[in-house]
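# return atomic coordinates for the entry below.
(one chain, ligands or ions: 2)
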Amino acid sequence: MRNTILAVVFVANVLCGVLVYFIPDLGNYILLIIASVLTLLAIYDAFLQKKHSLMRAFPIVARLRWVFEEEREKIQQYFIENDLNGRPINREKRSIVYQRSKKEIETVPFGTQHDVYAKGYEFVKHSLFPYDYRKVKGDRVLIGSDKCIQKYNASIINISAMSFGSLSKNAIMALNQGAKMGGFAHNTGEGGVSPYHLQGGDLIFQVGTGYFGAGTTVNGKRVFDDQVFRENALRPKVKMIEIKFSQGAKPGHGGILPAKKNTEEISIIRSVEPFTRVDSPPNHDAFSNFEEMISFIQKVRDLSGGKPVGIKFCVGDNDEIEEMIKTFAKVNNYPDFISVDGGEGGTGSAPLEFSNYVGTPLLDGLVFVNKTLKKYKLKKQIKIIASGKAIDAFDVVKYLALGADAIGMARSFMLSLGCIQARECNLDTCPVGVATQDEDLVEALVVKYKNERVKNYHNKTIDAVKEVAAAMGKNTISDITARHVFRRSRAGDIISLDEIYER
Ligand SMILES: Cc1cc2nc3c(=O)[nH]c(=O)nc-3n(C[C@H](O)[C@H](O)[C@H](O)COP(=O)(O)O)c2cc1C
Ligand code: SF4
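Ligands and ions are numbered 1, 2, ... in the order given. Prediction:
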């Protein structure tokens, strides 16, 4: 094959040379240049470069493979994927976010594309007496246990943690302004509070293991610092604090900020070396057992002036989680909320094994935490915020029915900002300026248009939740329980989520 390719380009080159000799016009000169470049490339591929065996065996032709590999995602998304098989978020779900964000037509023609007889198909049952959706209540939830002084009246849908660093400054500004316009909360992510978060929207200040915005570096180690934390926690727009243990996409691993995205500005906010990869440790330095953890929660609550303090994790070892909740009951002190993240959760950057194989999927984790809180009679004190691919109103209804009090959404809000699921968030090449620090790309995202979309997506999804509740004959969203959501089993019959998960 190698010799054939070399022979073909060589002959083409000679023919072009002859053509130019007899008809020396511009077109033929261009042909000769192309043929000469191809000949040189073939010689380089076949003899000079030694790293790629495929290129040595198939000069020039092997390069097409790299081009297709590079463009595989786009080819898949534009030409091959159908409405339901795209991952991680299929086209049907992406489209509803775009439509709601842009206030475009959001109805579908001709009937469902889902196979309603397939195993795993889920649905809710409606009533013969639907309610007026505009009168449905329960789109806000009061978060704060009896240990908290400044309870927060939260929307049932909020923006889940994503840091400035992982996202661009324009993305953060649009999210925060959208949160302000729509009256919901925006989680800072573990990178701390940046000026771009301070656009007037309510904030959930996340404290990760790197203590960015909540700590200092001592002998090269990040440690919690009361003063630094207090300065941020006491900001009026900070409504709640979230102590992060893990996130579903990389539980037990700790955050990763790729070197390219760790710009001068971000490194100052995080007090780290610029343009180096920043790995947060997998565990907290401030405590090492459940009793110490509860003391830390109380300390953080006190330092913030009594604001609600929550913990975020993806469920791992069930016994460990039960032991923790049991300790809450024993010492009669606890967080005000638990954010349960599913193993299917998103990330800017994570090791493959952790993304694919570590951590309990949301439904199982959520049900377990809910059951355990009930077992230790703490469900009234500790609210649950669930996150993991909540995109449309059915996702929200399902998670609320299984025990969540509110929902955190990350990737759907990225989609509302214009994310096209190019999946380059870890490369700093995000083509739409959402997950990059490249100045030119960041400029592509115009805050004053995207903030509106963030608000629209939130508000329209809340309306859709109310419409589904109303169709079910409910006048309050929280009246929907696991008894009202159904799934087709392997045997083909229909079982309520209550029967599946409460057994
Ligand atoms: C770009 C990106 C950055 C994230 N950064 C954080 C973070 O700083 N802290 C955190 O706890 N979770 C982080 N997450 C996880 C989300 O907060 C959320 O828990 C997870 O993506 C599940 O929600 P989703 O399915 O709606 O995306 C990040 C997710 C994405 C996509
Ligand atoms: S467009 Fe691609 S790179 Fe940008 S945020 Fe979306 S998935 Fe990440």
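
# the helix or strand hosting Lys330 - contacts with which helices or strands?
Assigned by DSSP states H and E, Lys330 belongs to helix 318-331. In terms of contacts (3 or more Cβ pairs under 8 Å, 6 or more residues apart in numbering; DSSP states H and E), helix 318-331 is packed against helix 290-303, helix 362-375. Every residue, glycine included, has its C-beta placed from N, CA and C.

# please name the bridge partners of Phe224.
Under DSSP bridges, the beta-bridge partners of Phe224 are Gly215.

# distance check, it against ligand 2.
Distance from Phe224 to ligand 2, counting by Cβ to the nearest ligand atom, to the nearest Å: 31 Å.

# Gly192 now?
Taking Cβ to the nearest ligand atom, one finds Gly192 at 21 Å from ligand 2.

# just use 204 as the starting number from now, easier for me
Will do, 204 is the new start, and the previous item becomes Gly395.

# run a quick neighbour tally on that residue.
27 (other Cβ atoms under 10 Å).

# circling back: check the helices and strands packed on helix 521-534 for me and report the most buried one.
Neighbour counts (mean count of other Cβ atoms under 10 Å) averaged over each of the helices and strands packed on helix 521-534 peak at helix 565-578, with a mean of 20.

# is it in proximity to ligand 1?
No: applying Cβ under 6 Å from any ligand atom, one finds helix 565-578 separated from ligand 1 by no less than 8.2 Å.

# tell me which stretches of the stretch 504-653 of the chain form helices.
Applying DSSP state H, counting those that start in this stretch to the stretch 504-653 of the chain gives helices spanning 521-534, 555-560, 565-578, 596-604, 614-619, 642-646, 650-674.

# swap in the stretch 254-403 of the chain?
According to DSSP H, counting those that start in this stretch, the helices that the stretch 254-403 of the chain contains are 256-260, 264-278, 294-305, 372-385.

# of those helices, which shows the lowest average pLDDT?
Mean pLDDT per stretch puts helix 264-278 lowest among these, at a mean of 82.

# re the thing from before, need the helices of the stretch 254-403 of the chain in CSV (columns: distance to Ile588 and mean neighbour count).
CSV is the format used below for those (distance: least, Cβ to Cβ, whole Å; neighbours: other Cβ atoms under 10 Å):
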stretch, distance to Ile588, mean neighbour count
helix 256-260, 49, 15
helix 264-278, 31, 12
helix 294-305, 20, 19
helix 372-385, 15, 25
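
# which one of the ones you listed lies nearest to ligand 1?
Closest to ligand 1 of the helices of the stretch 254-403 of the chain, according to Cβ to the nearest ligand atom: helix 372-385, at 9.2 Å.

# how big is the angle separating the closest one from helix 294-305?
70 degrees (axes from the mean of the first three to the mean of the last three Cα atoms, to 10 degrees).

# for the helices and strands packed on helix 521-534, which one sits closest to Thr466?
helix 493-506 (28.8 Å; Cβ to Cβ).

# Ile208 is in what secondary structure piece?
Using DSSP H and E, Ile208 falls in helix 205-225.

# what packs against that helix?
helix 229-246.

# which outside residues touch the helix it packs on?
208-209, 212-213, 215-216, 218-220, 222-223, 262-263 (Cβ atoms under 8 Å, 6 or more residues apart in numbering).

# repeat the analysis, applying 10 Å as the threshold.
Residues outside helix 229-246 that contact it (Cβ atoms under 10 Å, 6 or more residues apart in numbering) are 205, 208-225, 227, 251, 258, 262-264, 266.

# among those, the buried ones, what's the ChimeraX command?
One line in ChimeraX is enough to select the buried ones among these; burial here means 16 or more other Cβ atoms under 10 Å:
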select :205,208,209,212,215,216,219,222,223,258,262,263
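
# dump the helices of the stretch 254-403 of the chain to TSV, plus distance to Ser470.
Formatted as TSV, the helices of the stretch 254-403 of the chain follow (distance: least, Cβ to Cβ, whole Å):
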stretch	distance to Ser470
helix 256-260	39
helix 264-278	30
helix 294-305	32
helix 372-385	14
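
# TSV for those, including distance to ligand 1?
Shown next, in TSV, are these (distance: least, Cβ to the nearest ligand atom, whole Å):
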stretch	distance to ligand 1
helix 256-260	34
helix 264-278	16
helix 294-305	11
helix 372-385	9
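
# closest one to Asn361 among these?
helix 372-385 (7.7 Å).

# how about that closest one and ligand 2, touching?
No: counting by Cβ under 6 Å from any ligand atom, ligand 2 is not contacted by helix 372-385; separation bottoms out at 8.1 Å.

# that helix vs helix 650-674, what angle?
Using the same axes, to 10 degrees: helix 372-385 against helix 650-674 is 50 degrees.

# quick one on the thing from earlier: hmm, who's touching the helix holding Lys533?
Contacts of helix 521-534 (Cβ under 10 Å, 6+ apart): 348, 448, 492-494, 496-498, 500-501, 514, 516, 518, 520, 536-538, 541, 543, 563, 567-568, 571-572, 574-576, 578-581, 584-585.

# stretch 219-226 too?
228, 230-239, 242.

# now with 8 Å?
231-232, 234-235, 237-239.

# please apply the same query to stretch 494-506.
350-351, 410, 427, 429, 432-433, 436, 444, 446, 487, 489-490, 510-512, 514, 527, 530-531, 534, 536-539.

# make a ChimeraX selection of whichever of those turn out to be buried.
Remark: buried members of these, expressed as a ChimeraX selection using 16+ other Cβ under 10 Å:
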select :350,351,410,427,432,433,436,444,446,487,489,490,510,511,512,514,527,530,531,536,537,538,539
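
# good, we can wrap up now.
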